[in-house]
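1. sequence-free structure coming up:
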């Protein structure tokens, strides 16, 4: 297991490096002069030149990239064009709400998706199965912000059960935390839970047809035990993998959800930065999120290896 | 009282047109400690019969008839009691050891799961019993096997583990569905010896389901020959091989190649193919392939004894 | 297989196609269906009106007619959906074929694709749009870049699987040249899988464009898109929900339609679900 962990870690390093190059290089990918676009139509040529120098567009790619990497290694993600504050500081302030939102959304998505998918697989073609499949397509198609506004209108604005906006840290008050996080987390989770339900169903259908399930039943084990221990354990691989990669969609969806529910997280920071074309902030957030994804993927691989010993060879 | 008494077992699978009958009124008994073989080709219904006895057919299958274990009708019991029965009375060994073991659970855990509740209470006691079982099926270094996974051991060893799992619940009857078909010939011999040894030591009855007549000859005392969902002949092994009375069993026995025969001898075969589930009618299913077929064969054959209108009266 | 059973009718596929055809008709006939109203015409005295006779969907914060804006918005969404599906499929297929066939380049290309996939698509598109002018073409390009890794991975896996088949080996031995092998032997076999994936990418692209326009990084509001219509409805949504409601409905139905078609196609062409 340790050997496998080290191998996966080593394999993740080149990917992280590619992430860095790509995020850095996006600036150069755009046609036209990025500095001119960012400075705006009312900027003077002098302003544009100053911006170019700030962004380092006047220096060669490699030296600029190397300098950027060195800065990151020291925790320096650049400086916000608008506020002048270090990007790292800005991101640090916003990590908690977004982190909580991610964890809550992931938990809800798995807790809804896996049982629904497993239940549907138990009796394929039955009414329950059809409902889950149809609901799945619907859940997957509804845009995050539509769900968010819908939930907010019904449960926050009209019924008053949850907060319309704002964030309360769990360290301050747990009920307050739940009041502010449950609706945004659910609206984020709905789409992903549909995907997870579908993958669970497919994996369980495959597994439940295997011979070892018949052996388990022949031993006289209860049906729930058979499905949960023998079935899910084997189906877990693809499920965990999909849940892990759904983090990318969740991070993207957070941008919208935090806007709808006014959560002071990374998503809102992104939207504010977009308004002001504050490139260093956007670049910093993108880099951080992409690296989080790489780490989550690594963790997913570890979990899969822990569950299925055949993977470790 | 016989250990296992199957009467009128009928199994049909639902289908869009009409139910497909896989088993037509099976009657079979197994005495305590006996080895009975259920012989037939693919599609004869022998595997369906063994699964029906165990209650392992998929939900929605229509099963009628009685399966009595020590007098109690197993099929009529609610599922929970039947589960206990599966664990405590009849155990099954399946054909494919490769896929019949759960690949992600350690072997020890899979054995301990099959132990009766009272033997599972203490972890150490359960593990000790699992080691005992592994040793009794001839596995070396049984303590190490507990934490190993199925993919780490060979096919023959996996089948031994399957047998150990079957023995874990101290069954009175073991149903072995083609236990050696997926194994190499040398390993086959070992498994056969193992099963014989287990029977000698613990007096367990064995229902051997197979298409391999040589295996049946080695292991069984009585044989029931199945064709197209019916038992067409039941006899002791010696009687069947010496004087088969149903045309199908005669064809089967006649088709066994003999050593020492003339080199130019052509192997005897039964012409034609067995009918599929949807093609069976009310008359004798073997009639299209039978040399003795006549007009009377369009009506159902006798339900008891030899399933043939032309068979001699039982002596 | 029991004789006499036909392939079951596919209600989901038909429903999806019906929705899409409806959307396409709306896109083409938008000027007629909106009764000749101008989506860009600002009417300062008729701001934020609720739906009524003169303006069946109401007006937005600048007094522009929402019926016209919403109907014209179908054009943007369809253009984005088709454009991204097309671009991402072509680019992704090319990369995937090279990676799957030329083992030397496989390692490098796949690390790059993995890196690209690690960046959440919204953030990738946002980053690009910050340094590009907001326009339909730029939005399509940005989103296509975010979606192409999925195609590349799928194509690579399929190419490797097909390539291992004996008939391809036979073609190689017979001296067929690489481009011919790729085009004539491998491509037809993976075409179905690619088409299914392209459909889902279309749906994803439509959603992404809406998100981008919603946060102000997509199509500028002079050209109506459902995302930017909803963006303007953000501030007063609790009291003037009509600005949000109609584009939301259209967006949901369009994406639903595309997803239904994709699902239906997958059930027909690739029942074991390899393309996901």
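-> Received it, and whenever you're ready, just let me know what you need. For clarity, every value in this text was computed on a predicted model and none was experimentally measured.
2. And the residue nearest the centre of chain B?
-> residue B:209 (2.7 Å; CA atoms, centre = their mean).
3. Correction: the previous question concerned chain A.
-> residue A:247 (2.6 Å).
4. So that residue sits against residue A:293, correct?
-> Yes: under the criterion of CB atoms under 8 Å, residue A:247 makes contact with residue A:293 at 5.8 Å. Heads up, the C-betas are built off the backbone N, CA and C, glycines and all.
5. Which pLDDT value goes with the most centrally placed residue in chain C?
-> Ranked by distance to the mean C-alpha position of chain C (CA atoms, centre = their mean), the top residue is residue C:202 at 1.9 Å. pLDDT recorded at residue C:202 is 94.
6. go on, residue B:304?
-> 72.
7. contacting residues for the closest residue to it other than its chain neighbours?
-> Using CB to CB, 6 or more residues apart in numbering or on different chains and skipping residues adjacent in sequence, the residue nearest residue B:304 is residue B:27, 7.1 Å away. By CB atoms under 8 Å, 6 or more residues apart in numbering or on different chains, residue B:27 lies in contact with B:6-9, B:231, B:304.
8. Which pLDDT value goes with residue B:27?
-> 88.
9. can you check residue B:82 too?
-> For residue B:82, the predicted pLDDT is 56.
10. Where does the prediction get shaky in the chain?
-> In the absence of a named chain, this looks at chain A. Chain A contains residues with pLDDT under 70 at A:313.
11. Let me rephrase: I mean chain C.
-> Judged by pLDDT under 70, the stretches of chain C that qualify are C:1-9, C:178-179, C:181-182, C:270-276.
12. neighbouring contacts of stretch A:25-41?
-> A:43, A:47-49, A:51-52, A:55, A:57, A:61, A:81, A:277, A:279, A:283, A:286, C:124, C:127-128, C:130-133.
13. Give me the ChimeraX select line for those, limited to the buried ones.
-> Of those, the buried ones can be selected in ChimeraX as follows, counting by 16 or more other CB atoms under 10 Å in any protein chain shown:
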select /A:43,48,51,52,55,57,81,277,279,283,286 /C:124,127,128,130,131,132
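14. Looking at the contacts of stretch A:25-41, which are in helices?
-> A:47-49, A:51-52, A:55, A:61, A:279, A:283, A:286, C:124, C:127-128, C:130 (DSSP state H).
15. one step back: just the buried members of the contacts of residue B:27?
-> B:6, B:9, B:231.
16. any chance of the residues you listed in a markdown table, with secondary structure and distance to residue B:132 too?
-> Formatted as a markdown table, the buried ones among the contacts of residue B:27 follow (DSSP: H, G, I helix; E, B strand; the rest coil; distance: CB to CB, whole Å):
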| residue | secondary structure | distance to residue B:132 |
| --- | --- | --- |
| B:6 | strand | 32 |
| B:9 | strand | 35 |
| B:231 | strand | 38 |
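17. can you tell me which of those lies nearest to chain C?
-> Closest to chain C out of those is residue B:9 (24.7 Å), distances taken as CB to the nearest CB.
18. and whichever strand or helix holds residue B:198, what other elements does it pack with?
-> For residue B:198, the host element (DSSP states H and E) is helix B:185-202. Applying 3 or more CB pairs under 8 Å, 6 or more residues apart in numbering or on different chains; DSSP states H and E, one finds that helix B:185-202 contacts helix B:155-168, strand B:173-177, strand B:205-210, helix B:213-219.
19. For these, could you give me JSON lines that also reports distance to chain C?
-> As requested, the helices and strands packed on helix B:185-202 are exported to JSON lines (distance: least, CB to the nearest CB, whole Å):
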{"stretch": "helix B:155-168", "distance to chain C": "26"}
{"stretch": "strand B:173-177", "distance to chain C": "26"}
{"stretch": "strand B:205-210", "distance to chain C": "27"}
{"stretch": "helix B:213-219", "distance to chain C": "33"}
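20. May I see those arranged in a markdown table, with mean pLDDT as well?
-> As requested, these are exported to a markdown table (pLDDT from 0 to 100):
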| stretch | mean pLDDT |
| --- | --- |
| helix B:155-168 | 90 |
| strand B:173-177 | 91 |
| strand B:205-210 | 91 |
| helix B:213-219 | 87 |
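21. Relative to residue C:146, which of these is closest?
-> helix B:155-168 (47.1 Å; CB to CB).
22. Run the chain-centre distance for that closest one.
-> 16 Å (CA atoms, centre = their mean, to the nearest Å).
23. For it, name the packing helices and strands.
-> If you count contacts as 3+ CB pairs under 8 Å, 6+ apart, helix B:155-168 packs onto strand B:90-93, helix B:97-100, helix B:107-113, helix B:123-136, helix B:185-202.
24. Return the most buried member of those.
-> strand B:90-93 (a mean of 27; mean count of other CB atoms under 10 Å in any protein chain shown).
25. partner strands of it, parallel or antiparallel?
-> strand B:173-177 (parallel) (DSSP bridges).
26. between the partner strand and strand B:205-210, what angle do the directions make?
-> Comparing the axes of strand B:173-177 and strand B:205-210 via axes from the mean of the first three to the mean of the last three CA atoms, to 10 degrees yields an angle of 10 degrees.
27. hang on, the earlier thing: for my notes, please list the ones in helices among the contacts of stretch A:25-41 in a markdown table and give distance to chain B for each entry.
-> Formatted as a markdown table, the ones in helices among the contacts of stretch A:25-41 follow (distance: CB to the nearest CB, whole Å):
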| residue | distance to chain B |
| --- | --- |
| A:47 | 62 |
| A:48 | 60 |
| A:49 | 62 |
| A:51 | 56 |
| A:52 | 57 |
| A:55 | 51 |
| A:61 | 48 |
| A:279 | 48 |
| A:283 | 42 |
| A:286 | 37 |
| C:124 | 36 |
| C:127 | 41 |
| C:128 | 43 |
| C:130 | 46 |
